[in-house]
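> Coordinates only, no sequence provided:
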């Protein structure tokens with residue numbers, strides 16, 4: 001008679017326990033990596049929007065765009081106008097203005113004679129400490145700033161320049 005050998009229940013439980021321990025160690029690191037990637041994407045998107053605002057202002061002579069909608073347009077965006085600039089991708093310029101776990105808002109401000117002489121753009125995590133830890137902003141100066149709380153910075157004139165933390169080399 002042949003005796004069949006297999007794994008005992010104890011051996012299987014030990015293997016499962018080892019896998020769970022490894023997963024418990026790896027998951028927080030993966031979540032931190034995802035947050036860092038989302039924050040890098042948000043900073044890159046802010047740079048794109050800031051550049052698009054400058055391009056918009058120099059293209060139509062009407063100052064900075066009033067909203068994100070004016071920087072993009074419907075898919076496919078083929079005719080650039082002051083209403084639909086076709087400068088940025090529709091992922092950023094069409095509602096709900098979310099990308100990589102961040103919500104984006106851009107508003108032209110400081111109007112003089114119907115021309116927006118400034119703008120404020122910010123990126124706020126959809127869920128603080130899950131999709132991102134910091135909120136970011138930029139304005140017509142092109143300086144990127146952040147706050148460590150993840151709370152929305154706001155789009156009023158001068159709101160971003162009041163934020164203390166500068167983004168350097170991110």
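All right, it came through fine. On a predicted model such as this, the values are computed, not experimentally measured, just so you know.

> so the residue nearest the centre of the chain is in which element?
Nearest to the mean C-alpha position of the chain, by Cα atoms, centre = their mean, lies residue 42 at 2.7 Å. With secondary structure defined by DSSP states H and E, residue 42 is part of helix 9-60.

> show me what contacts residue 90?
72, 73, 74, 75, 77 (Cβ atoms under 8 Å, 6 or more residues apart in numbering). For the C-beta atoms, the positions are set from N, CA and C on the backbone; glycine is no exception.

> thinking again about what came up before, separation between the residue nearest to the centre of the chain and residue 7?
Separation of residue 42 from residue 7 (Cβ to Cβ, to the nearest Å) stands at 48 Å.

> Equivalent analysis for residue 28, please.
Residue 28 is 30 Å from residue 7, by Cβ to Cβ.

> same thing with residue 24?
Relative to residue 7, and taking Cβ to Cβ, residue 24 is found at 23 Å.

> One more: residue 138?
58 Å.

> Looking at those two, which has the bigger crowd around it?
A direct count of neighbours by other Cβ atoms under 10 Å for residue 138 and residue 7 places residue 138 higher, at 26 against 10.

> Report the beta-bridge partner residues of that one.
residue 121 (DSSP bridges).

> Please list all residues in contact with it.
46, 47, 49, 50, 120, 121, 122, 144, 145, 160.

> In CSV, list those residues along with neighbour count and pLDDT.
Shown next, in CSV, are the contacts of residue 138 (neighbours: other Cβ atoms under 10 Å; pLDDT from 0 to 100):
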residue, neighbour count, pLDDT
46, 24, 95
47, 16, 94
49, 27, 95
50, 20, 95
120, 25, 96
121, 29, 95
122, 28, 94
144, 23, 93
145, 23, 94
160, 24, 92
